[in-house]
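Participant: Here is my input, please return the structure:
(chains A and B)
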Protein chains: 2
Amino acid sequence: MTQFDLLIQNCHVLLPDFTVLPNAAIGIKDSRIALIEAEPSDTGTYEAREILDGDGKLAMPGFVDCHTHAAQQLLRGSVVDELPMVWTRILVPFESNLTPEDVYKGALLFCLENLKAGTTTFADAGGPFMDMVARATVETGIRGVITRSTMDTGSDIPDGMKESTADAIRGTEQLYKDWDNSGEGRVRIWFSLRQAMTSTPALMEAVAGRSKELGTGVHIHLAEHLAEVAHCLTNYKMRPTQWFDHFGLLGPNLIAAHSVRLSDQEVLLMAERGANPVHCPQSNLGNHGFSKTPLFMALGVNVALGTDGAATTRLNLFEPMRVLKYAMQARHGVEINDPLTLPALDVLKMATQGGAKAVMMEKEIGRLEVGYKADIILLDINKPHLSPTAHLPKTIVTAAGPDDVVDVIVNGRLLVHDGEFLLMDEDQIRRDAGQAMLSVGRRANLSLESPYLD
Amino acid sequence: MTQFDLLIQNCHVLLPDFTVLPNAAIGIKDSRIALIEAEPSDTGTYEAREILDGDGKLAMPGFVDCHTHAAQQLLRGSVVDELPMVWTRILVPFESNLTPEDVYKGALLFCLENLKAGTTTFADAGGPFMDMVARATVETGIRGVITRSTMDTGSDIPDGMKESTADAIRGTEQLYKDWDNSGEGRVRIWFSLRQAMTSTPALMEAVAGRSKELGTGVHIHLAEHLAEVAHCLTNYKMRPTQWFDHFGLLGPNLIAAHSVRLSDQEVLLMAERGANPVHCPQSNLGNHGFSKTPLFMALGVNVALGTDGAATTRLNLFEPMRVLKYAMQARHGVEINDPLTLPALDVLKMATQGGAKAVMMEKEIGRLEVGYKADIILLDINKPHLSPTAHLPKTIVTAAGPDDVVDVIVNGRLLVHDGEFLLMDEDQIRRDAGQAMLSVGRRANLSLESPYLD
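Facilitator: Below you'll find the model as predicted:
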């Protein structure tokens, strides 16, 4: 008889094909899923050190948020409905006044918010003091793919936020040396390029080369703004995707955040190279426009989802799934009478298996299957907005929310139980973050119009 | 010293101008707000029969969902990603197999889901056995503007769902007689026309006349589908808005659900007549396209929001606020570089004051102000996705959700406390609705592919 570290009893299980196995048991051993099966009537068949009651709950893979910014957690409420230039007026003063302690406190809140909303893995596009984000990741038990954002050129960037090409590479290599594979392997360090306009060709070449040597991925912002497209056309006679491809950066190890302002030819190029577009529906719709997701899907491209951070939204992938589905139906589906422009189960796949592939862990996370890492969330489905339903998985996509997540397991460890974070004091994390928001806000001279800091 | 029925102490209060009054008290007497003021240090100043602790909570007006269908509650999960004709394949068999008991059980669940999500008033567009919806409204304590959907023509409509013009009018008049002003005045009965294609000119004329005589409103589906526009152009040489106006139906007592497929001229006509467009962002984007909301706003038109029922979404107005904002930014804002296409506080106004005006109760509900009905919700703001924030009201719009609602008061009565419905057994409501879903599903031969009925 197998002795499990943790056994979930009598739950519904969302299988990788998005059907539901009712009345099942999940056994976890050495951080991995060791058993998923219909529960026998004699429940004494399994032994475990810890047992979790799954009655009235659906077990599903934790979400993978493939584009986010932990260091922007303390901007919440500061950039909603702000006029341009948000970058020069708010983001630059904010980022340049952050201390390592601010970033650490913000990152703890970021990890807490993510975990409570069912996100078990995040991919951060980079910011200042990313060692502090790695530290918070290790301490809170979440899984993170962390990068150091690098900028070595650009007329809009203040000197203090730029570094030399060599320093940019050295900085990421140091972060890699210090933190890659830390936290029982939960932390991965990747390379990052902020965007085409702030990267010299030398930096792009170096990042392409070193990421291949180290076997890491690269996280970029791609085809986000019209200004970026104009910049690449003006300076390189290529569109951004072609420019990145010129350096060999377009491949399966690339997270291409946003991927909105693309020609059809660029979509085809990304498909050919196997790069991963990561849509951030709220951020895209608010600032950039409509993606060409149905074409990506028709070409079999792996699409993933991101929140783009907490400055203007809530960290969770429930709402981005729906927002992308609605937006694609309205933009691409209505005029050709296609109700299946982006089916519910396809966006559920983006948020789980798609994200796992984008962070190069499709053999480790993103599905509940024996041998996979136990990154599992349990949803309370006995709620008036979820039960009864004629189709549970579709209703999870159309009606479930971050607060339905009651238990969260990452790497086999129970981190959230009955909606409470087990490792640290939640109120303390919120209050510390509040103090940090206040102090960076004062230093950066940002207005806190109607603050609520508890 | 005033003796209150209910006193909320030490809460934050969202004022009608969308600023926040911290550390305040709200006194309720005889179903109305009798006091809102900054709390004195000596809390013994107020006396009340019942006291609610507001610490760490924001009190705000309950949401007004201006277009929904209680009778479609039992369709949850049945119409997501279904191919045409959903109407003939699913809706007609469903509706024609409903019993009054099914509708009652579904309506109880509908009221429960609404209340727990912070919706304190709903406007129902009509379905079968609306007396059962009125009954559930009275019993659950919610406020409802209920109509009887009337159809007296239309080649797509089975005979069993049509009635004579006279019966249609008589039916609503009977419902009005039986239920208007019931439940301490919480129930209002209005007239309803399903849409232009299923209404004879005689019915439209009669509804326009009788609604004016009785002082009620009229609830219609307007400019929802292209087929409806084509029908009106073909048969009447007018667009739908002009056709409704021809009968004098376009006025301040009109809820025009959807209001999507409108020419600019029709938008101007609605503005001139003072009709209320009610957008259902998820339903509109999924099926109908983009509304012209910025033009409505520029013309000073009162816009309200609706969910369109639980068949494909969750009943709550938090997400519709955001979805409409994102969609309008992407559709109308991005190309003209307008970050203020639909500011956060404008959508918050739609969901509260806008809804109140659309249901002709702007002097009664939709704002926290002395003399107004006490329809109040309290949000727990000490959560990692809401606190800290630099701007609490904007963060409510961008990041709060239905589960943040912990207390709900309607007409001065506490109905939900600490997230629990006080008047009935929630699990019993869900299970009864599950049995009704199963039985109507069997009778109508609808497939329940992956049912979850608890």
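
Participant: name the element residue A:348 belongs to?
Facilitator: helix A:344-349 (DSSP states H and E).

Participant: elements contacting that helix?
Facilitator: Counting contacts by 3 or more Cβ pairs under 8 Å, 6 or more residues apart in numbering or on different chains; DSSP states H and E, helix A:344-349 is packed against helix A:318-328, helix A:392-399. Just so you know, the C-beta spots here come from the backbone N, C-alpha and C atoms, and that holds for glycine as well.

Participant: Tabulate those helices (a markdown table), appending mean pLDDT.
Facilitator: What follows is the helices and strands packed on helix A:344-349, written out as a markdown table (pLDDT from 0 to 100):
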| stretch | mean pLDDT |
| --- | --- |
| helix A:318-328 | 98 |
| helix A:392-399 | 98 |
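
Participant: Redo these as a markdown table? Include distance to chain B.
Facilitator: Putting these into a markdown table (distance: least, Cβ to the nearest Cβ, whole Å) gives the following:
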| stretch | distance to chain B |
| --- | --- |
| helix A:318-328 | 4 |
| helix A:392-399 | 4 |
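
Participant: if we can go back for a sec, tell me the average confidence for the helix holding residue A:348?
Facilitator: Taken as a whole, helix A:344-349 has an average pLDDT of 98.

Participant: just stretch A:26-37 next, same as before
Facilitator: 97.

Participant: quick one: contacts of it?
Facilitator: A:2-8, A:11, A:13, A:21, A:24-25, A:46, A:48, A:54, A:59, A:184, A:368-374, A:376, A:409, A:411-413 (Cβ atoms under 8 Å, 6 or more residues apart in numbering or on different chains).

Participant: Quick check: end-to-end length of it?
Facilitator: 7 Å (Cα to Cα, to the nearest Å).

Participant: what's across from residue A:35 in the sheet?
Facilitator: residue A:27 (DSSP bridges).

Participant: Can you report how many residues lie near it?
Facilitator: 16 (other Cβ atoms under 10 Å in any protein chain shown).

Participant: Skip the chain neighbours and tell me the closest residue to residue A:323.
Facilitator: Leaving out its chain neighbours, the residue that sits closest to residue A:323 by Cβ to Cβ, 6 or more residues apart in numbering or on different chains is residue A:281, at 4.1 Å.

Participant: My read is that that neighbour contacts residue A:324, right?
Facilitator: Yes. Residue A:281 lies in contact with residue A:324 (Cβ atoms under 8 Å); the separation is 4.2 Å.

Participant: what is in contact with those two at once?
Facilitator: Joint contacts of residue A:281 and residue A:324 (Cβ under 8 Å, 6+ apart) are residue A:305.

Participant: OK, contacts around the spatially closest residue to residue A:256 that is not a sequence neighbour?
Facilitator: Nearest residue to residue A:256, sequence neighbours excluded (Cβ to Cβ, 6+ apart): residue A:222, at 3.9 Å. Residue A:222 sits next to A:195, A:240-241, A:244, A:256-259, A:277 when contact means Cβ under 8 Å, 6+ apart.

Participant: For residue A:254, see how far away the residue in the stretch 51-200 of chain A positioned nearest to chain B is.
Facilitator: At 3.7 Å from chain B, residue A:77 is the closest residue in the stretch 51-200 of chain A, using Cβ to the nearest Cβ. Distance, residue A:77 to residue A:254, using Cβ to Cβ, to the nearest Å: 32 Å.

Participant: Now for residue A:185: which residues touch it?
Facilitator: residue A:411 are the contacts of residue A:185 under Cβ under 8 Å, 6+ apart.

Participant: Now do the phi/psi pair for it.
Facilitator: phi 90, psi 0 (degrees, to the nearest 10).

Participant: any idea how far it lies from residue A:391?
Facilitator: Distance, residue A:185 to residue A:391, using Cβ to Cβ: 36 Å.

Participant: ditto for residue A:105
Facilitator: 42 Å.

Participant: Any stretches of chain A with poor pLDDT?
Facilitator: By pLDDT under 70, the weakly predicted segments of chain A are A:1, A:42-44.

Participant: center of it - which residue?
Facilitator: residue A:65 (1.7 Å; Cα atoms, centre = their mean).

Participant: What about the contacts of residue A:222, which are in strands?
Facilitator: A:256-258, A:277 (DSSP state E).

Participant: would TSV of those with neighbour count be doable?
Facilitator: Below are the ones in strands among the contacts of residue A:222 laid out as TSV (neighbours: other Cβ atoms under 10 Å in any protein chain shown):
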residue	neighbour count
A:256	29
A:257	29
A:258	27
A:277	30
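
Participant: and which of these is nearest to chain B?
Facilitator: residue A:258 (12.7 Å).

Participant: can I assume the closest one is in contact with residue A:276?
Facilitator: No. Contact criterion Cβ under 8 Å: residue A:258 and residue A:276 do not qualify, at 12.0 Å.

Participant: Neighbours of residue A:155, how many?
Facilitator: 6.

Participant: Check the offset of stretch A:158-165 from the chain's centre.
Facilitator: Here stretch A:158-165 is found 26 Å from its chain centre; the criterion is Cα atoms, centre = their mean, to the nearest Å.

Participant: Any idea how far apart the tips of it sit?
Facilitator: Using Cα to Cα, first and last residues of stretch A:158-165 are 16 Å apart.

Participant: which of the residues in that stretch are buried?
Facilitator: A:161, A:163, A:165 (16 or more other Cβ atoms under 10 Å in any protein chain shown).

Participant: who touches that stretch?
Facilitator: For stretch A:158-165, the surrounding residues in contact (Cβ under 8 Å, 6+ apart) are A:92, A:95-96, A:150-154, A:171, A:198, A:200, A:202-203, A:206.

Participant: quick one: the strands in the stretch 201-350 of chain A?
Facilitator: For the stretch 201-350 of chain A, the strands defined by DSSP state E, counting those that start in this stretch occupy A:218-222, A:254-258, A:276-279, A:304-305.

Participant: what are the bridge partners for residue A:12, then?
Facilitator: Beta-bridge partners for residue A:12, by DSSP bridges, are residue A:58.

Participant: give the contact list for it.
Facilitator: With Cβ under 8 Å, 6+ apart, residue A:12 has these contacts: A:20-24, A:54, A:57-59, A:381, A:392, B:452.

Participant: now do residue A:429
Facilitator: Counted by Cβ under 8 Å, 6+ apart, residue A:429 has contacts A:105, A:108-109, A:112, B:384.

Participant: same check, this time on residue A:108
Facilitator: A:136, A:139-140, A:424, A:429, A:432-433.

Participant: Same list (those residues) but as JSON lines, adding secondary structure.
Facilitator: Shown next, in JSON lines, are the contacts of residue A:108 (DSSP: H, G, I helix; E, B strand; the rest coil):
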{"residue": "A:136", "secondary structure": "helix"}
{"residue": "A:139", "secondary structure": "helix"}
{"residue": "A:140", "secondary structure": "helix"}
{"residue": "A:424", "secondary structure": "coil"}
{"residue": "A:429", "secondary structure": "helix"}
{"residue": "A:432", "secondary structure": "helix"}
{"residue": "A:433", "secondary structure": "helix"}
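
Participant: just the buried members of these?
Facilitator: Buried among the contacts of residue A:108 by 16+ other Cβ under 10 Å: A:136, A:140, A:429, A:432-433.

Participant: surely residue A:205 meets residue A:247?
Facilitator: Yes. Under the criterion of Cβ under 8 Å, residue A:205 makes contact with residue A:247 at 5.5 Å.

Participant: can you map out the helices along the stretch 151-300 of chain A?
Facilitator: Ranges of helices in the stretch 151-300 of chain A, per DSSP state H, counting those that start in this stretch, are A:165-179, A:182-185, A:201-214, A:226-236, A:240-246, A:264-273, A:281-283, A:293-298.

Participant: Show me what the last one is in contact with.
Facilitator: The one in question is helix A:293-298. A:259, A:264, A:267, A:270-271, A:277, A:279, A:303, A:324, A:328, A:332-333, A:341-342, A:346.
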